[in-house]
Structure formats: structure tokens, C-alpha cells
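*Asks:* sequence and predicted model, in that order:
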Amino acid sequence: MPEKMWDSSSESMPSSQLKELQLKRLKELVHRVYTKNKYYKKKFDEAKLKPNTMRTLKDIEKIPFLTKQDLRAYYPFGLVCTELDEIIEVHASSGTTGKPVVGPYTRNDVELWAEVMARSLWANGLRSNDVMQNAYGYGLFTGAHGFEKGAQKIGAMVITISSGNTERQIDVMRDFGATALACTPSYSLHIAEVAEEKGLAPSEDFLLRLGVFGAEAWSEEMRKNVEKRWGIVAHEHYGLTELIGPGVVSECENKKLHINADHFYPEVIDPKTGETLESGEEGELVFTTLTKEAFPAIRFRTKDLASISDEACECGRTLPIQSRIKGRSDDMMKVKGVIVFPSQIEAALMQVAGVSDNYQIVKTRQGDSYSLSVEVEPSEARFREGHLDDFERRAEGEIYRILNLHVPVHIIPPKTIPRSTGKAKRVIER
Ligand SMILES: [Zn+2]
């Protein structure tokens with residue numbers, strides 16, 4: 001099946017060969033950062049590590065972690081490991097909680113990005129005859145640019161519409177015959193909502209067949225809603241500005257998340273102790289960029305919780321499989337001694353007939369702990385039906401079934417919660 005993989009020699013190499021390649025690249029990387037960057041040299045010297053101590057992949061555990069605080073301390077270009085003159089493109093995170101994280105790329109880094117994104121989109125099913133509406137926001141954010149590079153490398157047509165102006169998204173989607181949509185899952189639902197208001201049926205009046213979504217945590221239940229509403233297959237992408245942007249992890253046709261581990265070496269650690277966990281155990285994801293030049297990250301702590309397994313996938317890829325992200329450790333809430341992730345509440349709400357895709361979790365701080373409540377918009381039809389008390393009780397019951405915790409649910413009128421054209425704000429603090 002030559003068609004199935006973008007680069008079958010990399011995606012289906014025997015695992016022993018993959019490990020050999022990772023070790024070779026790790027050795028080169030460690031040597032490079034040690035000789036080219038003051039921060040890394042200092043860090044290695046303090047840990048009494050010499051670059052030549054990397055004899056096995058396990059030796060990576062001797063290297064101290066790289067954290068977001070480190071990146072901020074060296075803002076904007078302190079961690080660059082090439083000459084500034086070699087950088088041809090720069091991106092940055094939104095920086096909502098402090099200084100943004102800067103992602104500089106050499107020409108080879110840009111080529112690598114296009115390659116891993118082409119590989120990922122190809123695995124999702126994107127082909128050269130597809131028309132991809134790129135509704136991620138263009139700008140410093142990596143999303144739109146990564147998807148554009150990968151889709152163009154495949155030879156697909158990219159509609160560079162950016163996010164927002166939803167009415168226009170709908171016109172363009174119909175007129176240009178878009179077959180694939182790239183944006184956050186919540187924005188795809190907002191586009192569907194506006195299309196319906198215009199009297200269109202999203203699953204019938206468009207040529208869309210594929211959704212390539214990311215930049216947002218969403219539950220499997222939400223995925224089913226998106227697929228049904230649009231009549232498409234929806235795939236998940238995972239990446240970070242600190243690593244390259246999107247292109248680190250993406251799904252095959254079996255909806256298994258494969259890590260591009262020949263370029264991004266993954267580990268899972270206990271977020272409390274920093275100890276490396278076994279395959280299959282859930283913890284914090286840590287990544288090392290094995291081949292990036294301008295801004296390599298060694299053992300970057302993502303704060304995202306997931307597990308990794310080496311199980312074989314029917315698609316034939318041997319790249320390790322990552323579970324869906326359970327949540328960021330920052331999003332974890334402790335309520336009456338119970339650990340709660342927003343994704344668990346979303347999964348519970350999606351079980352209730354008549355719930356729309358719009359909800360908000362309201363956190364109220366009480367000392368060291370929080371009290372939680374949930375505001376939910378029902379569908380228009382369910383709202384008109386009335387008996388909203390019953391509806392609230394049902395939603396509370398589903399949450400209780402999953403969390404064993406009573407969380408009050410309040411029904412609010414449809415279209416109360418502000419819609420987002422990027423990442424939806426699911427948790428608010430009052
Ligand atoms: Zn697979």
C-alpha cells in the first residue's frame with residue numbers, strides 16, 4: 001500500500017531501528033546545544049554532565065527538565081543554538097499568562113515542520129485534490145502556518161481565510177468547494193451554528209468531508225457531535241510552540257494518535273516527583289526535539305497529562321501511540337478532595353439529550369479549594385420544551401455518575417455564552 005503513508009520508511013520502521021535513530025540524534029543534539037548555547041552549557045555543567053555521557057536513551061533522564069519559566073527567562077532569543085542570521089521565521093505563543101514563548105526556525109526547521117505536518121495530514125486522509133479551508137488565526141500563533149505548510153507540501157489547495165468573519169467563512173466554504181476544514185473544534189461548531197441560522201444544513205449543503213482540528217482540549221463525545229453536525233471525519237492534532245507548533249502528534253485512519261517520535265522524543269513523568277513512568281502509565285508529557293536547529297528543546301515539560309504505549313496499530317505505523325490529552329495539569333481542579341478535569345465534565349454533559357455544545361464551568365475560589373457549577377445552553381428546541389429543572393437534574397446526574405461529586409447545573413438561554421473563533425474558554429473564574 002504505497003498510498004497509505006506519506007513516508008513509510010520513517011513511519012513504519014522497526015522499533016529497534018527507531019530507538020537507534022533516536023539515540024544517534026540525541027547524541028548529536030546534546031553535543032550541539034552544549035557547544036553552541038550558554039544556557040545549556042551552564043545547565044549541563046551544574047548537573048555535572050558531559051555531552052558524551054549519552055550512551056543509551058535512558059541516559060536522557062540525567063538531563064534536567066526545561067520549563068516554561070526557563071523559556072521566559074531567556075526571552076526572546078536566549079536559547080537559540082544557531083546564529084540569529086540563520087533564522088528565517090519566528091512564531092510566538094499568545095502569552096496570556098506572562099511573556100510569550102518564542103519559536104524561531106531556520107530554513108531546515110521550516111522544512112522539517114512542513115514534512116511532519118504533511119505526514120500528519122496525509123495520515124488524516126488529506127490528498128492533493130483536497131481544498132483545505134484554513135480557519136486557524138494567521139499571525140504569530142503557529143497553528144495556521146503549520147497546517148498551511150503541510151497541506152501545500154501534499155499539494156492540496158489552501159484557502160488562507162484565517163479565523164473570524166464567520167458569515168464569510170460559510171460563503172467561501174461553499175463557493176470554493178472546501179473539502180477539509182482546519183480550525184479549533186469549537187470554532188467549527190460555531191461556523192455550523194451560523195450556517196444553520198442562514199438556513200443551511202452543514203452536513204448536506206457543503207462538500208466538507210474532513211476536519212483537522214487542534215489547539216484545544218475536547219472530549220471524544222464532542223468529536224462525535226462535530227462529526228455528526230458536519231457529516232465529516234474529524235481528526236485531532238497535538239503540538240506546542242515550544243516544540244515546533246502542530247506536527248508533533250496526529251491521528252491515523254484508526255484515530256490513534258501517533259507521535260512523530262523520530263523527531264520528537266517522548267517521555268511520561270510523574271508530575272510530582274519527575275520520575276519517568278512506564279509505558280501505559282498516565283503522567284505529564286515531556287518532549288525532546290531531536291532534529292530542530294534554531295530552538296531545540298530538551299526534556300520540555302508540557303504540563304499535559306496523557307499516557308504513551310508501544311502497542312501495534314492496524315494502520316502499520318510503528319510510531320508510538322499517545323492517549324488523548326486528559327487535560328493540562330494547570331486545568332486540574334480539586335473540589336471537595338476530588339480531582340476534576342474540565343474534559344470529564346464535558347464528557348458527562350454530552351450524554352444528556354438536548355445539551356448544545358456550549359457550556360461553561362464556573363470556578364469560585366474558597367480558600368485553597370474551589371466550588372464548581374456549570375452553565376449549560378440547551379438546544380433551541382429543548383429550551384422551548386420547558387421543564388428545565390428536570391433537564392438540570394439529568395445533567396447533574398451524569399456528572400455525578402462520572403465524578404461522584406455533586407456539581408450544580410444551571411440552564412441558561414441559547415446563545416448566551418460568547419462564541420470564540422479560536423480556543424473556547426470553557427472554565428471561568430468568578
Ligand atoms: Zn495507526
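*Replies:* That came through, no problem.

*Asks:* kindly report the residues of this structure close to the ion.
*Replies:* 252, 254, 256, 313, 315, 317 (CB under 5 Å from the ion). Where C-beta positions appear, they are placed from N, C-alpha and C, glycine not excepted.

*Asks:* quick check: the farthest pair among those?
*Replies:* 254 and 317 (9.5 Å; CB to CB).

*Asks:* in whichever strand or helix holds residue 153, which residues are buried?
*Replies:* In the assignment (DSSP states H and E), residue 153 maps to helix 142-154. Using 16 or more other CB atoms under 10 Å as the test for burial, helix 142-154 gives 142-151, 153-154.

*Asks:* hmm, back to that, quick check: PyMOL command selecting the buried ones in the residues of the chain next to the ion.
*Replies:* With 16+ other CB under 10 Å as the criterion, this PyMOL line picks the buried residues out of these:
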select buried, resi 252+256+313+315+317
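
*Asks:* the residues of the chain next to the ion into a markdown table, with extra columns for pLDDT and secondary structure?
*Replies:* As requested, the residues of the chain next to the ion are exported to a markdown table (pLDDT from 0 to 100; DSSP: H, G, I helix; E, B strand; the rest coil):
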| residue | pLDDT | secondary structure |
| --- | --- | --- |
| 252 | 98 | coil |
| 254 | 97 | coil |
| 256 | 98 | coil |
| 313 | 97 | coil |
| 315 | 97 | coil |
| 317 | 97 | coil |
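
*Asks:* residue 84: which of the residues of the chain next to the ion is nearest?
*Replies:* The closest of the residues of the chain next to the ion, once distances to residue 84 are taken by CB to CB, is residue 317, at 37.0 Å.

*Asks:* identify the residues contacting the nearest residue to residue 315 once chain neighbours are set aside.
*Replies:* Residue nearest to residue 315 in three dimensions, not counting chain neighbours: residue 252, with 4.1 Å by CB to CB, 6 or more residues apart in numbering. Neighbour list for residue 252: 123, 258, 313, 315, 317 [criterion: CB atoms under 8 Å, 6 or more residues apart in numbering].

*Asks:* can you tell me which of these is nearest residue 373?
*Replies:* For the contacts of residue 252, the nearest to residue 373 is residue 258 (38.1 Å; CB to CB).

*Asks:* which residue is the nearest non-sequential neighbour of that closest one?
*Replies:* The shortest distance from residue 258 to any non-neighbouring residue, by CB to CB, 6+ apart, is to residue 319 (4.1 Å).

*Asks:* low-confidence stretches in the stretch 151-300 of the chain?
*Replies:* For the stretch 151-300 of the chain, no stretch has pLDDT under 70.
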